[in-house]
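S.K.: Build me a model from this:
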Amino acid sequence: MKSFYKKRFSLTEEGSKNLTKATLFSFLVYCVNMLPAMLLMIFAQGILENINKTNVFYICSSIITLAIMYVLLSLEYESLYNATYKESADLRIDTAHALSKLPLSYFSKHDLSDLSQTIMSDIEGIEHAMSHSIPKAGGMALFFPLISTMLLIGNVKLGLAVIVPSLLSFAIIPLFKNIVERGNKKYFDILRRNSNSFQENIDMQMEIKSYGLSADMKKDLYRKMEESETVHLKTETSSILVLSLSTIFSFISLAVVILIGIQLIVDGEIGILYLIGYLLASIKIKESLDASKEGLLEIFYLSPKIERLKEIKEQKLQEGKEYDFKGYDIELKDVVFSYNEDSPVIDGVNFKAKQGEVTALVGTSGSGKTSILKLISRLYDYDTGEILIDGKDIKEISTASLFDKISIVFQDVVLFNQSIMENIRIGRQGASDQEVIRAAELANCKDFIDELPKGFDTVIGENGSELSGGERQRISIARAFLKGAPILILDEIAASLDVDNEKKIQDSLNKLVIDKTVVIISHRMKSIENADKIVVLNEGKIESEGKHNELLKKSKIYKNLIEKTKMAEEFIY
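M.R.: Just a heads-up that it's a prediction; the model follows:
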């Protein structure tokens, strides 16, 4: 049962163990719930048959029954709720841990709002089902065969009168499973799309307002919400119809027991007390089955959410072993890569970036420059060929080992709504305050940090909203200084900066690149003229490579890039 729960509901090991325990307690509660009816029957039989039993016997029996019920209900509560809520937290942590191991390629294909919904909303739904539905349904699966056997032993005809309609009542739910799950999945997908639309509208508020699109976007969101409510209503209606049809058979069970019981009394096979006993059993079973059926429908409702969790946990991870680097030369051999199978963006690339040198990648937009940087840093895995660092294929190196040796400074800087001190410390979590301050000095950050209200303790807003683009970029360079990794990857870090900031960043980089393996992309051709090697890319292939003066003579693409850069610099509005 534990293995079934773990696989079916994508739970942790501890969670599946606790859910199994909760199921067993639910089973015992179902059993003990029959005790009051049995005591009532014994009491009625004593009266009818004039059996001399003292009141002490009935009082003691009632007290013992109540005590057993209290203990079992307490244990069931503990296993259903306290353990369940702990599993909810563990499941979120487990899912977040699984997400942290996934390659960047996974996140590029999934919206962040979708992932946050999975961690928060989907797991909350599973939490509710674990505490209310799954153990109850599992407990009934154990209880029903037991009580059915006892009823059949007592009287086959009356036993069948209780069991058959009850089975038919319960069987209707899984019979319509596919219809219910299809409706739930459709509603689930619409909610996801709506969530993404809301997130998009929040993120794009500046553009929406500046272009006068507020009314149109509002109208579109209302339309989407109305569509989702229509689907929701249809889904709920189908569930209600299935449950109503099932409930009819539950009531039929009582009628069948009465009809057959009366006939058996007329035939002299049973007494009135016997019939009352089976009627009480039928009522108890009906109540238990009704709760289990509602739980089963909730489990069907969860199916899309569970599948979403499974998808995350079953994603292929980037594997590899720990590796102790001796050198940091990077070599690409016949590397082929595509985001989509039918359109490679890197097609048979070969070049070497040596330690202690600066290697620049240039080319027109879409030529594959940034893709190569992502492959070198293993944010994506290439399809064929090899990328070697220190002569070792990076696919055989664990991402932890690899990331420890690489610093990446992207054009789009991501900062957290924390202090400048903590934003820089991301470069190396264990760094002291003095080391952070030293890194900021090397990155030419001190001038603007000293002017802030609280200096290094100033909280800079969501994604550094309190800072300018150049200031944000310099903080990202300070992170790289603090990390001190021997491989440095720079992607268009000065593309949209003013002259003053670009000069300060260039001064920082001149200190940062010393003795490192540096791979850089820049559209500002002037900034890479002194690179040790320049690799010219065209449509995912290497057109030429060499130094600046060599390429001016042998590469048409490079010469064209230089000319266009010069024209752009000389352009006057």
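S.K.: export stretch 132-146 as PDB, just CAs?
M.R.: Extracted in PDB, the C-alpha atoms of stretch 132-146 (Å, rounded to 0.1, in the frame of the first residue of the first chain):
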ATOM      1  CA  HIS A 132     -10.000  14.100   4.100                       C
ATOM      2  CA  SER A 133     -10.300  11.700   1.200                       C
ATOM      3  CA  ILE A 134      -7.500   9.300   0.400                       C
ATOM      4  CA  PRO A 135      -7.300   7.500   3.800                       C
ATOM      5  CA  LYS A 136     -11.100   7.300   4.000                       C
ATOM      6  CA  ALA A 137     -11.300   5.700   0.500                       C
ATOM      7  CA  GLY A 138      -8.400   3.300   1.300                       C
ATOM      8  CA  GLY A 139     -10.000   2.400   4.700                       C
ATOM      9  CA  MET A 140     -13.300   1.600   3.000                       C
ATOM     10  CA  ALA A 141     -11.400  -0.600   0.400                       C
ATOM     11  CA  LEU A 142     -10.300  -2.700   3.400                       C
ATOM     12  CA  PHE A 143     -13.500  -2.500   5.500                       C
ATOM     13  CA  PHE A 144     -16.100  -3.400   2.800                       C
ATOM     14  CA  PRO A 145     -14.800  -6.900   2.100                       C
ATOM     15  CA  LEU A 146     -14.700  -7.600   5.800                       C
END
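S.K.: chain center to that stretch: distance?
M.R.: Offset of stretch 132-146 from its chain centre (C-alpha atoms, centre = their mean, to the nearest Å): 29 Å.
S.K.: mind starting the numbering at 79 from now?
M.R.: New numbering, starting at 79: the last item is stretch 210-224.
S.K.: What residues of that stretch count as buried?
M.R.: With burial defined by 16 or more other C-beta atoms under 10 Å, the residues of stretch 210-224 counted as buried are H210, S211, I212, P213, K214, A215, G216, G217, M218, L220, F221, F222. Every C-beta, even on glycine, is put in place using the N, C-alpha and C of the backbone.
S.K.: From what I see, N428 and L410 are in contact.
M.R.: Yes. With contact defined as C-beta atoms under 8 Å, N428 reaches L410; the gap is 5.9 Å.
S.K.: neighbour-wise, which of the two wins?
M.R.: L410 (22 against 15; other C-beta atoms under 10 Å).
S.K.: So that one: helix, strand or coil?
M.R.: Assigned with DSSP: H, G, I helix; E, B strand; the rest coil, L410 falls in the strand class.
S.K.: and the closest residue to Q393 other than its chain neighbours, how far is that from T196?
M.R.: Excluding the flanking residues, the one nearest Q393 by C-beta to C-beta, 6 or more residues apart in numbering is L180, at 5.6 Å. For L180, the distance to T196 equals 13 Å [C-beta to C-beta, to the nearest Å].
S.K.: and for those two, which residues touch both?
M.R.: Contact criterion C-beta atoms under 8 Å, 6 or more residues apart in numbering; residues bridging L180 and T196 by contacting each: I390.
S.K.: out of those two, which sits in the more crowded spot?
M.R.: The residue with more neighbours, out of L180 and T196, is T196; 20 against 16, by other C-beta under 10 Å.
S.K.: okay but the more buried one is in contact with E385, surely?
M.R.: No. Counting by C-beta under 8 Å, T196 sits too far from E385 to count as a contact (10.6 Å).
S.K.: by contact count, what packs against the longest helix along the chain?
M.R.: If each helix of the chain is counted by residues according to DSSP state H, the longest one is helix 292-344. If contacts are counted by 3 or more C-beta pairs under 8 Å, 6 or more residues apart in numbering; DSSP states H and E, helix 292-344 sits against helix 234-253, helix 255-281, helix 350-391.
S.K.: try 10 Å
M.R.: If contacts are counted by 3 or more C-beta pairs under 10 Å, 6 or more residues apart in numbering; DSSP states H and E, helix 292-344 sits against helix 234-253, helix 255-281, helix 283-288, helix 350-391.
S.K.: Tell me which of these lies nearest to S140.
M.R.: Nearest to S140, of all the helices and strands packed on helix 292-344, is helix 350-391, at 16.2 Å by C-beta to C-beta.
S.K.: relative to helix 234-253, how tilted is that closest one?
M.R.: Per axes from the mean of the first three to the mean of the last three C-alpha atoms, to 10 degrees, the angle that helix 350-391 makes with helix 234-253 is 20 degrees.
S.K.: chain center to helix 350-391: distance?
M.R.: With C-alpha atoms, centre = their mean, you get 29 Å for helix 350-391.
S.K.: what's the angle between it and helix 255-281?
M.R.: Helix 350-391 and helix 255-281 are oriented at 40 degrees to each other (the same axes, to 10 degrees).
S.K.: Now helix 350-391: average pLDDT?
M.R.: In this model, helix 350-391 has a mean pLDDT of 80.
S.K.: Quickly note the distance from D200 to L387.
M.R.: The spacing between D200 and L387, counted by C-beta to C-beta, is 6 Å.
S.K.: Report how many residues lie close to the closest residue to K582 other than its chain neighbours.
M.R.: Among residues not flanking K582 along the chain, N522 sits closest, at 4.3 Å (C-beta to C-beta, 6+ apart). For N522, the neighbour count with other C-beta under 10 Å is 20.
S.K.: what does S157 give?
M.R.: S157 has 21 neighbouring residues, counting by other C-beta under 10 Å.
S.K.: hang on, the earlier thing: make JSON lines out of the helices and strands packed on helix 292-344 and add distance to L158 and mean neighbour count.
M.R.: Conversion of the helices and strands packed on helix 292-344 to JSON lines gives the following (distance: least, C-beta to C-beta, whole Å; neighbours: other C-beta atoms under 10 Å):
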{"stretch": "helix 234-253", "distance to L158": "21", "mean neighbour count": "19"}
{"stretch": "helix 255-281", "distance to L158": "23", "mean neighbour count": "16"}
{"stretch": "helix 283-288", "distance to L158": "43", "mean neighbour count": "11"}
{"stretch": "helix 350-391", "distance to L158": "12", "mean neighbour count": "19"}
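S.K.: would a markdown table of those with distance to I142 be doable?
M.R.: Formatted as a markdown table, those follow (distance: least, C-beta to C-beta, whole Å):
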| stretch | distance to I142 |
| --- | --- |
| helix 234-253 | 27 |
| helix 255-281 | 41 |
| helix 283-288 | 66 |
| helix 350-391 | 19 |
